[in-house]
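Asks: after the sequence you'll find the predicted model.
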Amino acid sequence: MHNDFSYFHQDQHVNDKHVQSLVRFYESGCVPREKYGIGVEIEHIPVRYGTNASVTYDEPHGIRDVLNDLAPLYDSSMEYRDGTALLGLGRGKIAISLEPGGQVECSLGIMKSPEELNDLYAQFRADIDPILAKHSIRLINYGYTPVSSARDIRIIPKHRYAAMNEFFGRLSGYGWNMMRGSASTQVSFDFSSEADAINKMRLAVAVGPILGYFFRNTPFFEGKLNELPLLRQHMWESIGTGRTGINTGLYDEDYSFERAAIDALATPLMAADTTHTPDAQRQGVWTASFENAADVYPDRELNEYEINHIISTHFTDVRLKNFIEMRHWDSLPIDRARLLTDIVVNLFTNPDELSRLTNELSGIRALDVQETKVQIQSRGAQALPYGKSLEFWREFLHADYTGEDIPGDSENSSIFQD
């Protein structure tokens with residue numbers, strides 16, 4: 001930990017009480033291994049039968065109608081609305097939410113083992129598929145919408161996304177593409193201590209691009225064939241603005257929860273949100289191109305809503321919350337998502353596998369990770385991540401699926417054959 005606490009604060013414009021709030025939030029995630037849980041999020045692109053165009057929220061027979069029809073099957077106390085617009089549903093370990101372009105996200109957890117994933121996902125599909133069919137919609141698992149252009153997809157009526165839309169529209173060539181046209185798979189797991197969390201984050205950032213290549217699933221971009229093995233990575237890192245890619249300072253010897261908190265708080269919020277800040281000078285949601293948490297939130301400890309909002313404005317490869325979230329992957333059909341989950345859970349919660357991975361990647365630097373990303377992006381199957389072949393890494397990581405059959409998976413293979 002850095003000895004001069006005020007030095008970071010003065011130079012990076014953060015609030016001491018805010019920093020301690022985030023540190024305590026991270027520390028609340030420290031649990032013994034027997035209490036570890038797993039979370040999986042799978043985003044889906046809704047497309048129209050016959051055209052395969054992306055389906056938006058408020059068009060006739062659109063995603064709004066799907067959610068309204070689905071609502072009676074879910075817990076009314078878990079509904080999420082922005083104003084009067086229904087944007088999310090929940091029941092037990094299943095939560096349904098929407099990404100900016102109307103992509104349907106299914107969040108599953110907290111699970112105690114990967115075996116739960118298939119059953120929970122089957123429940124989600126059993127509920128939603130008949131309603132989708134009624135509205136001539138189907139969900140596909142690709143990293144990017146197959147035929148539509150991002151500029152033609154209207155964002156859902158959510159104040160946060162309106163602010164993000166304005167922010168990315170001004171600062172990023174790929175921001176709208178990521179918001180409106182992309183879909184991902186994310187896997188989350190727990191840690192037992194600060195040291196354990198930092199070690200797992202470093203390892204996850206290092207192996208993420210390799211697993212991203214093995215599980216790549218983006219055959220199309222803006223209606224054309226996609227040639228980039230890691231398109232999702234390319235879009236996010238092109239956004240820049242200090243909130244994507246490798247967590248700042250992660251591979252420094254003195255990296256800590258405190259430094260993670262300072263980095264999260266120092267970055268402009270992108271979308272300021274004081275809807276749960278009764279003592280704020282300004283109420284609402286707005287685009288914050290330069291304002292960070294110290295500008296927006298009062299000089300006091302942050303509440304949980306404020307903490308989660310601040311963290312959610314960062315899109316690093318691996319995101320630290322009161323758990324660790326890996327964010328590298330394209331949207332995957334359930335069989336592939338299950339295999340990926342098995343691999344991740346084994347690597348990061350099995351002590352023997354974690355030790356093996358730690359030894360293999362000992363001494364890795366941020367520059368080495370960047371080099372690996374560039375190699376995979378430019379050389380594909382000929383890349384040598386950390387000096388070793390992809391075949392070595394496939395065996396080492398137990399990644400039996402290589403992605404060579406994209407786009408011909410069983411769920412999506414007939415996409416242009418309606």
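Replies: Sure, I can see it. Just so it is clear, the structure is predicted and the values come from calculations on it, not from any experiment.
Asks: excluding its backbone neighbours, what's nearest T349?
Replies: Nearest non-adjacent residue to T349, counting by C-beta to C-beta, 6 or more residues apart in numbering: Y36, 5.4 Å away. Using the backbone N, CA and C atoms, a C-beta is placed for each residue, glycine as well.
Asks: contact partners for the one you found?
Replies: By C-beta atoms under 8 Å, 6 or more residues apart in numbering, the contact set of Y36 is 189-190, 349.
Asks: what subset of those is buried?
Replies: With neighbours counted by 16 or more other C-beta atoms under 10 Å, these contain buried members at 189-190, 349.
Asks: quick one: low-confidence parts of the stretch 251-400 of the chain?
Replies: For the stretch 251-400 of the chain, applying pLDDT under 70 flags no range at all.
Asks: which residues in it form strands?
Replies: With strands called from DSSP state E, counting those that start in this stretch, the stretch 251-400 of the chain shows them at 270-273, 285-288, 315-316, 318-320, 324-330.
Asks: could you dump the ones you listed into CSV and include distance to C30 and mean neighbour count?
Replies: Formatted as CSV, these follow (distance: least, C-beta to C-beta, whole Å; neighbours: other C-beta atoms under 10 Å):
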stretch, distance to C30, mean neighbour count
strand 270-273, 27, 24
strand 285-288, 31, 19
strand 315-316, 20, 19
strand 318-320, 12, 22
strand 324-330, 12, 23
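Asks: ok, which of the ones you listed comes nearest A261?
Replies: strand 318-320 (9.1 Å; C-beta to C-beta).
Asks: what helices and strands are in contact with that closest one?
Replies: Judged by 3 or more C-beta pairs under 8 Å, 6 or more residues apart in numbering; DSSP states H and E, the packing partners of strand 318-320 are helix 194-214, strand 324-330.
Asks: send the alpha carbons of the shortest one over as PDB?
Replies: Listed next in PDB are the C-alpha coordinates belonging to strand 324-330 (Å, rounded to 0.1, in the frame of the first residue of the first chain):
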ATOM      1  CA  ILE A 324     -14.400 -10.700  -9.300                       C
ATOM      2  CA  GLU A 325     -16.000 -10.400 -12.700                       C
ATOM      3  CA  MET A 326     -14.300 -11.600 -15.900                       C
ATOM      4  CA  ARG A 327     -15.700  -9.700 -18.900                       C
ATOM      5  CA  HIS A 328     -13.700 -10.900 -22.000                       C
ATOM      6  CA  TRP A 329     -16.100 -13.100 -23.900                       C
ATOM      7  CA  ASP A 330     -18.600 -12.800 -26.700                       C
END
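Asks: which elements pack onto that strand?
Replies: Short answer (3+ C-beta pairs under 8 Å, 6+ apart): strand 324-330 packs on strand 184-189, helix 194-214, helix 231-239, strand 318-320, helix 334-349.
Asks: which residue sits closest to the residue nearest the centre of the chain, ignoring its sequence neighbours?
Replies: Nearest residue to the geometric centre of the chain (C-alpha atoms, centre = their mean): R327, 4.2 Å. Distances taken as C-beta to C-beta, 6+ apart put Q186 closest to R327, at 5.2 Å, once the chain neighbours are dropped.
Asks: quick one: stretch 236-250 to chain centroid distance?
Replies: 13 Å (C-alpha atoms, centre = their mean, to the nearest Å).
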